[in-house]
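Chemist: Please work out how this folds:
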Amino acid sequence: MRLLVAIQGYYGQRMVDNIGRHCPANWEVHSHTFPAGLPAIIDDPDEFMPGDLPAADLLISLGEQTGVAQMIPDMVKMTGARAVIAPADNRAWLPVGLARQIQRKLESMGIDMAYPVPFCSLTEEDSQSPYIREFARYFGRPEVHVEFYQDDRHRIGRVDVIREAPCGSTRFVAEGLLGLWFRDAVEKAGLLHHQFPCLATMAMDREFQDTLMHRAGAMIKQAVEKPIKDAGLGRASV
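Modeler: From the prediction side, this is the model:
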């Protein structure tokens, strides 16, 4: 699968680097950096679009201004992308109204778009597009498998990452859980998540009545809690 990731700076570059390191070997991951300081409304996309972009199956928009999102349909036309992921780790970069507007435009072009809020909430069930579903097999809502020491079934001996947050925090959390007593693991996962640190905003989100950073932290805690409960060790502390 061919990915093109539109970025503007550190936030997007960190995602690109992690995806490139841990994606399947047959994926191609390219990125294009748009300049900072784009106008709030893009009247002429040609003024800011590059002369060409590499062909892509999936476009991921990680701009830090609304101007990048506004150029998504133009990037799709230039690259031939068949699907788009446009997450919101900060609603200021892609407000829900703009996301819906872009989604309707893409639907008229026969292109599916996923709008995960935050990015690490993405799952395969969020889209029927084979390209989005393929991406979400590996990156999105954290999922881990936990094994315990044979001589001490209450301590974590191994954590395998099944699906990781696009920023890479899941692997960081997984490494920090080794050797812990199972009742301490969920709380520790939340602390490690913040230490990474999370890239989602601390601003209160009107839809969820919570911060997106807190939502992201809750998802990695739930990911760690599930295999512990599945192992029959009772409820881990949260």
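Chemist: which strands and helices sit next to the helix of greatest length in the chain?
Modeler: Longest helix in the chain, counting residues (DSSP state H): helix 212-230. Judged by 3 or more Cβ pairs under 8 Å, 6 or more residues apart in numbering; DSSP states H and E, the packing partners of helix 212-230 are strand 143-149, helix 169-176, helix 182-195. For glycine as for every other residue, the C-beta is placed from the backbone atoms N, C-alpha and C.
Chemist: ok, now with 6 Å
Modeler: Contacts defined by 3 or more Cβ pairs under 6 Å, 6 or more residues apart in numbering; DSSP states H and E place helix 212-230 against strand 143-149, helix 182-195.
Chemist: Give me the buried stretch members for the biggest strand by length in the chain, please.
Modeler: For the chain, the strand that runs over the most residues, judged by DSSP state E, is strand 152-163. Using 16 or more other Cβ atoms under 10 Å as the test for burial, strand 152-163 gives I156, V159, V161, R163.
Chemist: How about stretch 113-128?
Modeler: 113-123, 126-127.
Chemist: Which of these sits closest to G9?
Modeler: Taking Cβ to Cβ as the measure, G9 lies nearest F119 of the buried residues of stretch 113-128, at 15.6 Å.
Chemist: From D57, how far out is the closest one?
Modeler: In this view, F119 and D57 are 19 Å apart by Cβ to Cβ, to the nearest Å.
Chemist: what does P73 give?
Modeler: Using Cβ to Cβ, P73 is found at 16 Å from D57.
Chemist: what does V84 give?
Modeler: V84 is 11 Å from D57, by Cβ to Cβ.
Chemist: What of R133?
Modeler: 12 Å.
Chemist: returning to that earlier point: neighbour count: V84 and D57, which is higher?
Modeler: Comparing V84 with D57 by other Cβ atoms under 10 Å, the one with more neighbours is V84, at 28 against 20.
Chemist: Leaving out chain neighbours, which residue sits closest to the more buried one?
Modeler: M113 (4.3 Å; Cβ to Cβ, 6 or more residues apart in numbering).
Chemist: what is the orientation angle of the longest helix of the chain with strand 152-163?
Modeler: 130 degrees (axes from the mean of the first three to the mean of the last three Cα atoms, to 10 degrees).
Chemist: mind exporting helix 212-230 as CSV, just the C-alpha atoms?
Modeler: What follows is helix 212-230, C-alpha atoms only, in CSV (Å, rounded to 0.1, in the frame of the first residue of the first chain):
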residue,chain,number,x,y,z
LEU,A,212,-8.7,14.5,23.6
MET,A,213,-5.5,13.8,25.6
HIS,A,214,-7.5,12.3,28.4
ARG,A,215,-9.5,10.2,25.9
ALA,A,216,-6.2,8.9,24.4
GLY,A,217,-4.9,8.0,27.8
ALA,A,218,-8.1,6.2,28.6
MET,A,219,-7.8,4.1,25.5
ILE,A,220,-4.3,2.8,26.3
LYS,A,221,-5.4,2.0,29.8
GLN,A,222,-8.4,0.0,28.5
ALA,A,223,-6.0,-1.8,26.1
VAL,A,224,-3.8,-2.9,29.0
GLU,A,225,-6.8,-3.7,31.3
LYS,A,226,-8.5,-6.1,28.8
PRO,A,227,-5.8,-8.8,28.5
ILE,A,228,-5.3,-8.7,32.2
LYS,A,229,-9.0,-9.4,32.8
ASP,A,230,-9.0,-12.0,30.0
